[in-house]
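**Student:** Give me a model of this one.
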Amino acid sequence: MMPKERMGWREWVALPDLGISEVKAKVDTGARSSALHAFDIRPFLANGTQKVRFKVHPFQRNEIDTVETEAEVFDRREVRNSGGKAELRYAILTSIELAGQRWSIELTLTNRDVMGFRMLLGRQAVRGRFFVDPGKSYLLSVDR
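**Tutor:** The predicted structure is shown next:
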């Protein structure tokens, strides 16, 4: 078994399938699933496949830089936000890159405008890959 790397409670990651070269993610082992700030979410059918088109502001406090992207819908599920309120969200499968590794994660789409981070990286996404050091930041990436 390969030793796991330590990661900080926040890291810069890439979502290459979505055209997002960098987004700051808060690593939250208390959250089961991962979430990405998305808005203008529009479902559509393409050759019989359910897809979703959406926009992302990948940088905090920056509403100018916008990525418009689309993905196949993996699921639609009810998720409880940090305030305990249930919300029906689209879930997609996409690749993530961090520390020279690339793997697939489930990602729910939600408006995180009022949240401090554009992305939340939940425990399912990091399980078996990293140990999270809650007292450190950017152990696998560089703060920008």
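**Student:** quick one: contacts for the closest residue to Q50 other than its chain neighbours?
**Tutor:** Using Cβ to Cβ, 6 or more residues apart in numbering and skipping the chain neighbours, the partner closest in space to Q50 is V73 (4.3 Å). From N, CA and C alone the C-beta is placed, and that goes for glycine too. Contacts for V73 (Cβ atoms under 8 Å, 6 or more residues apart in numbering) come out as 43, 50-52, 90-92.
**Student:** Could you rerun that using 7 Å?
**Tutor:** Under the criterion of Cβ atoms under 7 Å, 6 or more residues apart in numbering, the contact list for V73 reads 43, 50-52, 90, 92.
**Student:** Which residues belonging to the helix or strand hosting it are considered buried?
**Tutor:** Secondary structure from DSSP states H and E places V73 in strand 67-80. The neighbour-count criterion (16 or more other Cβ atoms under 10 Å) identifies 67, 69, 71, 73-74, 79 as the buried residues of strand 67-80.
**Student:** now that strand, how far from the centre of its chain.
**Tutor:** How far strand 67-80 lies from its chain's middle: 11 Å, per Cα atoms, centre = their mean, to the nearest Å.
**Student:** pLDDT of it, averaged?
**Tutor:** Confidence over strand 67-80, taken as the mean pLDDT, stands at 91.
**Student:** Alpha carbons only: can I get that strand in CSV?
**Tutor:** The C-alpha coordinates for strand 67-80 follow below in CSV (Å, rounded to 0.1, in the frame of the first residue of the first chain):
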residue,chain,number,x,y,z
VAL,A,67,-16.3,29.6,-17.3
GLU,A,68,-19.3,28.2,-19.2
THR,A,69,-19.2,24.5,-19.4
GLU,A,70,-21.4,21.4,-19.6
ALA,A,71,-21.4,17.8,-18.3
GLU,A,72,-23.5,14.7,-18.3
VAL,A,73,-25.8,14.4,-15.4
PHE,A,74,-24.8,11.5,-13.1
ASP,A,75,-27.6,12.0,-10.6
ARG,A,76,-30.1,14.4,-9.1
ARG,A,77,-30.2,14.3,-5.3
GLU,A,78,-31.3,16.0,-2.2
VAL,A,79,-28.3,17.5,-0.3
ARG,A,80,-28.4,19.3,3.0
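**Student:** Thanks again, I'm all set now.
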